[in-house]
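**Q** When you get a sec, could you give me coordinates for this:
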Amino acid sequence: MTKVALRPYALLPRQYDERKVLASTVDPWGRALWLICPDARFPYRWGGRDVPAPAKLPFDALVVISDRGQVRERTLRGVAVDPVAFDALPGGGFVLAGSGAPNARSGQVFGPDGRSRRRLALGTHLTHLVADSRAGFWTGYADEGIYSGDDVSAGGLVHWDNRGNHAGSLHPPKPYQHVADISAINVSDAVAHATYWPGAPLVTTGPGGTLRIRALPISGPLGLATRGDRLLLLGGREQGIDTRGNTVHRLQLTGDEAAVVGRDDLVFPNGDPVRRYARPVCRGPRIFLRTPRTVRQWWVLTVPVRAAARRGACGGVVSGGQDDEPHDRKQCPAFPCRLHGGRGRRRGGVGRVLRRRDHPAR
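**A** Down below sits the predicted model:
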């Protein structure tokens, strides 16, 4: 198989103690977030690192936000749960999820001022907490939670508004009506794509209910990304094929089904295979990953745009690349360049003419 490399995405600045990070994520606006407990203790080790826990409840938590290299801080006052996951909400607030017994108030919503707005039951054995940029957040659960007797976890995939009000759960039609475990969730705007067990269905759902279900040839993926009619699945089991946790499956969506069109091995930029990773955060065409040994570094895998040529807002042809931002000739640092129909210019007034493959838009 060919290899596909992760790209570095975000890094926690060195002035913060990585060991005291309780949870980390990438929010709906692409910002990397780290939730830090300044007075953390370390009751045990797992996965090669000390696992932090609050010394007492409630406590004041520090949220470090990295937005395209710009770092700022927020303080959440009166955190009353031991967070295992969190995310930023539309309107400037945050939602935190802790562990707890069935039907316990294991969740907490904070307003934009950093003060607690409410405690709520977010279910037990939560495996996914992913906010969207418009309507609230989604939670997904493992089979231990779905069959625990917890009223919330029994929904499998649950939607909430940004105030923490229950807004619906997954009710797929036959023959996919049985939901025993949510394996992967991708949230973009107010739409969620999820895979679950048994079987290998891909469900697309939104605030108005289930939109579509497709049968996949791969079950139990840990990450998924989508762009148009193309799908990336990270990990999972494909019948008759020996695959590993770092296998990236490339699929083409057709009608109510999907076909595998290729497979790649996921590697780091230096070529080392990605052998282990924490549960990914999936948003639109991107899968964000970190390793179990560190919460400092986030990596990203992106569904590439089609290789066919496309035209930017300036009319210049922009082909290939990692994102879909329109290319404006007024913002082109190399204008007039060959990409815009010009003869090109020399770098700094000397040297060779800027060629298409060196163009900043690529």
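
**Q** Please enumerate the helices of this structure.
**A** 143-146 (DSSP state H).

**Q** Could you point out which residue ranges in it have low pLDDT?
**A** The chain contains residues with pLDDT under 70 at 307-362.

**Q** if we go to 50?
**A** Scanning the chain for pLDDT under 50 picks out the ranges 309-362.

**Q** how much space between the closest residue in space to Gly236 that isn't next to it in sequence and Gly235?
**A** In space, and not counting its chain neighbours, Gly236 is closest to Pro221: 3.6 Å by CB to CB, 6 or more residues apart in numbering. From N, CA and C alone the C-beta is placed, and that goes for glycine too. Separation of Pro221 from Gly235 (CB to CB, to the nearest Å) stands at 5 Å.

**Q** Which parts of the stretch 51-200 of the chain are strands?
**A** 59-67, 70-79, 83-88, 94-98, 107-110, 116-120, 126-131, 137-141, 157-160, 166-169, 181-188, 191-197 (DSSP state E, counting those that start in this stretch).

**Q** can those go into a markdown table with extra columns for distance to Asp27 and mean neighbour count?
**A** Shown next, in a markdown table, are the strands of the stretch 51-200 of the chain (distance: least, CB to CB, whole Å; neighbours: other CB atoms under 10 Å):
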| stretch | distance to Asp27 | mean neighbour count |
| --- | --- | --- |
| strand 59-67 | 8 | 18 |
| strand 70-79 | 12 | 15 |
| strand 83-88 | 4 | 24 |
| strand 94-98 | 9 | 25 |
| strand 107-110 | 14 | 25 |
| strand 116-120 | 18 | 16 |
| strand 126-131 | 7 | 24 |
| strand 137-141 | 10 | 28 |
| strand 157-160 | 16 | 24 |
| strand 166-169 | 19 | 16 |
| strand 181-188 | 11 | 24 |
| strand 191-197 | 15 | 23 |
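
**Q** could those be laid out in JSON lines, adding distance to Arg275?
**A** Rendered in JSON lines, the data for the strands of the stretch 51-200 of the chain read as follows (distance: least, CB to CB, whole Å):
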{"stretch": "strand 59-67", "distance to Arg275": "26"}
{"stretch": "strand 70-79", "distance to Arg275": "30"}
{"stretch": "strand 83-88", "distance to Arg275": "23"}
{"stretch": "strand 94-98", "distance to Arg275": "28"}
{"stretch": "strand 107-110", "distance to Arg275": "33"}
{"stretch": "strand 116-120", "distance to Arg275": "37"}
{"stretch": "strand 126-131", "distance to Arg275": "21"}
{"stretch": "strand 137-141", "distance to Arg275": "25"}
{"stretch": "strand 157-160", "distance to Arg275": "29"}
{"stretch": "strand 166-169", "distance to Arg275": "35"}
{"stretch": "strand 181-188", "distance to Arg275": "19"}
{"stretch": "strand 191-197", "distance to Arg275": "22"}
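
**Q** do you know which of these lies nearest Ala225?
**A** In terms of CB to CB, the element of the strands of the stretch 51-200 of the chain nearest to Ala225 is strand 181-188, at 6.4 Å.

**Q** what is the orientation angle of that closest one with strand 126-131?
**A** Per axes from the mean of the first three to the mean of the last three CA atoms, to 10 degrees, the angle that strand 181-188 makes with strand 126-131 is 10 degrees.

**Q** quick one: strand 181-188 to strand 191-197, angle?
**A** Strand 181-188 and strand 191-197 are oriented at 160 degrees to each other (the same axes, to 10 degrees).

**Q** Remind me what strand 181-188 packs against, helices and strands.
**A** strand 126-131, strand 137-141, strand 191-197, strand 223-227, strand 281-283 (3 or more CB pairs under 8 Å, 6 or more residues apart in numbering; DSSP states H and E).

**Q** what's in contact with it?
**A** Contact with strand 181-188 is made by 28, 127-128, 130-132, 138, 140-143, 146, 156-157, 192-197, 219-226, 233-234, 236, 280, 282-284, as judged by CB atoms under 8 Å, 6 or more residues apart in numbering.

**Q** Apply 7 Å and report the result again.
**A** Outside strand 181-188, the residues within contact range by CB atoms under 7 Å, 6 or more residues apart in numbering are 127-128, 130, 132, 138, 140-143, 146, 156-157, 192-197, 220-226, 282-284.

**Q** Likewise for stretch 135-150?
**A** With CB under 7 Å, 6+ apart as the criterion, stretch 135-150 contacts 87, 89, 95, 102-103, 122-131, 153-154, 156-162, 167, 179-182, 185, 187, 190, 192, 194, 207.

**Q** again, but for stretch 267-279
**A** Counting by CB under 7 Å, 6+ apart, 3, 5-6, 127, 222, 246, 265-266, 289-292 sit against stretch 267-279.

**Q** closest to Trp298 among these?
**A** The closest of the contacts of stretch 267-279, once distances to Trp298 are taken by CB to CB, is Arg290, at 5.5 Å.

**Q** distance of that closest one from Arg49?
**A** 11 Å.

**Q** quick one: contacts for Thr294?
**A** Glu18 are the contacts of Thr294 under CB under 7 Å, 6+ apart.

**Q** before we move on, back to that, ok, of the contacts of stretch 267-279, which come out buried?
**A** 5-6, 127, 222, 246, 265-266, 289-291 (16 or more other CB atoms under 10 Å).

**Q** circling back to that earlier point, looking at the helices and strands packed on strand 181-188, spot the one closest to Arg14.
**A** Here strand 281-283 is closest among the helices and strands packed on strand 181-188 (CB to CB), at 22.9 Å.

**Q** Just checking the distance from that closest one to the centre of its chain.
**A** Distance, stretch centre to chain centre, for strand 281-283: 2 Å (CA atoms, centre = their mean, to the nearest Å).

**Q** State the number of residues packed around Glu18.
**A** Residues lying near Glu18 (other CB atoms under 10 Å) number 17.
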